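Novice: Test case, fold it:
(one chain, ligands or ions: 1)
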Amino acid sequence: MKILIMGTGYLGTTTAVAFAELGWMVSGFDPDTDKIEALRQGRLPFYEPGLEELLRKHLQSESITFYSDPRTAVQDHDVLFLCVGTPPKADGSADLQFIQAASEQIGSCMNEPKLVVVKSTVPPGTQAKIARWIANAQRAPIRFDVVSNPEFLREGTALQDSLHPDRIIIGSDDEEAADRVRRLYERMDCPIVLTTPTTAELIKYAANSFLATKISFMNELARLCDALDVSAADVARGIGLDPRIGASFLRAGIGYGGSCFPKDVNALMFTAEQYGVPLSLLRQVEQINRSQPAYFLNRMKSRLGNMRGRRIAVLGIAFKPGTDDLREAPALAIIDALLERGASVRVHDPVARLPVGLEARGAVQRESPEGALGGADAALLCTEWPVYASADWLRIKGLMREAIVFDGRNALDARRLKALGFDYHGVGVR
Ligand code: UGA
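Specialist: Sure, this is the predicted structure:
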């Protein structure tokens, strides 16, 4: 089987490299010629640990190639993966314009039967639309199958996640088509769930929404922990040891961000509303998450008082460590509010770059943590990059004007910082 990955963003490029690593001949297609040229030279348009090295390895062995012409790309391959983006629209629904465009390209370019596999995150019911878009664009009827195969990789650990998944979900009404997709993953050692396309689509949204629910549950509980003066981390550990609950995704902080949780929680709520089944629990999950940065800012305000003229060192701006992705990063909302209140903001992040909008309003990016922390009235950790936990905080104390730390990810060693004389504040931290 010759695999074509349509869309060479985060999901597409990782999927292409992972299939090459599994021994398949893979190609990537993108209409953006600059992006294709960079990929041909082994350069990624985003940061993901280990991915660029593996891309170069497979470019060299010629098991991965890139196309920017849709006709040759579609005609030269028999399995076409849709990996294009489904960004949020203003009303919270998923924007399917790139999915539609790619489907129509398949329909208008195909010259023989194709197997279309949908990896992009699409609302329940989209597989049928894709089949319609392909059929309507065909010049003459040629057989094709559309199978849903959602992806669960995380930014920062994308390669590990795609090469060693927990499960593979295959949604198809056609047994033979499902079996062809299953064969692509033959070398993987994990459960395979064969189901209907709509179920597969819903599984993806349910997974992200459930993980977001765990985080918001813990974040709201952490507010009570602050009031009761108990440790949210201890509570998380105490409940997480119960295998029915599980220990992961119970870390309280300034809220979840990224291109997936905020978007998918909203898109699932939107779909549910359309079916007359409002998901009231998810509305709360979203509301708690949206208010979490403000909650932490209020805690800062009660300690620092008036922010005007105060110098704050923001450590980490990416929505999580291991990525330069700033989409829905809670750090940005916090920096915006700090600037609004007249604070002077110095930022450090090992890979992410401060958006020009915040720079124009006076926030400054420094190339080292020390550069941001020098002369600061307080440090505010927004992304738990390991470099901050392992920093020499005794030396840092000497650089700061006041030894105050707000740990928005509960990632620093609170006991040690307190022993060093820092006034330490976490989220639900005793
Ligand atoms: C998420 C899912 O974890 C993946 O399984 C899924 O494939 C992906 O979305 C997607 O739909 O494409 P990702 O957004 O890369 O992956 O990142 P996560 O590791 O899930 O973190 C999301 C956010 O939750 C981050 O801002 C992180 O800081 C926050 N988080 C995570 C917490 O605040 N507390 C936790 O305990 C865990």
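Novice: can you pull out the strands in this structure?
Specialist: Taking DSSP state E as the test, the strands found in the chain are 3-6, 26-29, 64-67, 79-82, 114-118, 144-148, 168-171, 192-195, 311-315, 344-348, 364-365, 378-381, 404-407, 423-425.
Novice: average pLDDT for stretch 269-289?
Specialist: Averaged over stretch 269-289, pLDDT sits at 97.
Novice: Not counting its own residues, what contacts that stretch?
Specialist: 91-94, 123-125, 205, 209, 212-213, 215-217, 219-220, 255-256, 261-262, 265-266, 268 (CB atoms under 8 Å, 6 or more residues apart in numbering). Heads up, the C-betas are built off the backbone N, CA and C, glycines and all.
Novice: how about it: buried residues?
Specialist: Met269, Phe270, Thr271, Ala272, Leu279, Leu282, Val285, Glu286, Ile288, Asn289 (16 or more other CB atoms under 10 Å).
Novice: Could you single out the nearest of those to Val235?
Specialist: Ile288 (16.2 Å; CB to CB).
Novice: How about that closest one: what's its closest non-neighbour residue?
Specialist: Ser216 (4.1 Å; CB to CB, 6 or more residues apart in numbering).
Novice: can you tell me the average pLDDT over the helix ranked longest in the chain?
Specialist: Longest helix in the chain by number of residues (criterion: DSSP state H): helix 197-228. Across helix 197-228, the average pLDDT comes to 98.
Novice: which other helices and strands contact that helix?
Specialist: Here helix 197-228 touches helix 126-137, strand 144-148, strand 168-171, strand 192-195, helix 232-240, helix 261-274, helix 280-304, going by 3 or more CB pairs under 8 Å, 6 or more residues apart in numbering; DSSP states H and E.
Novice: give me that answer again for 10 Å
Specialist: On a contact count with 3 or more CB pairs under 10 Å, 6 or more residues apart in numbering; DSSP states H and E, helix 197-228 meets strand 114-118, helix 126-137, strand 144-148, strand 168-171, strand 192-195, helix 232-240, helix 261-274, helix 280-304.
Novice: Does the fourth one reach the ligand?
Specialist: No: using CB under 6 Å from any ligand atom as the criterion, no contacts between strand 168-171 and the ligand are found, and the smallest distance is 11.4 Å.
Novice: now for that strand, which elements pack on it?
Specialist: Using 3+ CB pairs under 10 Å, 6+ apart, strand 168-171 is in contact with strand 144-148, helix 175-184, strand 192-195, helix 197-228.
Novice: neighbours of Gln160, just the number please.
Specialist: 14 (other CB atoms under 10 Å).
Novice: And it, how close does it get to Asp166?
Specialist: Gln160 sits 11 Å away from Asp166, going by CB to CB, to the nearest Å.
Novice: anything in contact with each of the two?
Specialist: Here Gln160 and Asp166 have no joint contacts, going by CB atoms under 10 Å, 6 or more residues apart in numbering.
Novice: Okay then, goodbye and thanks.
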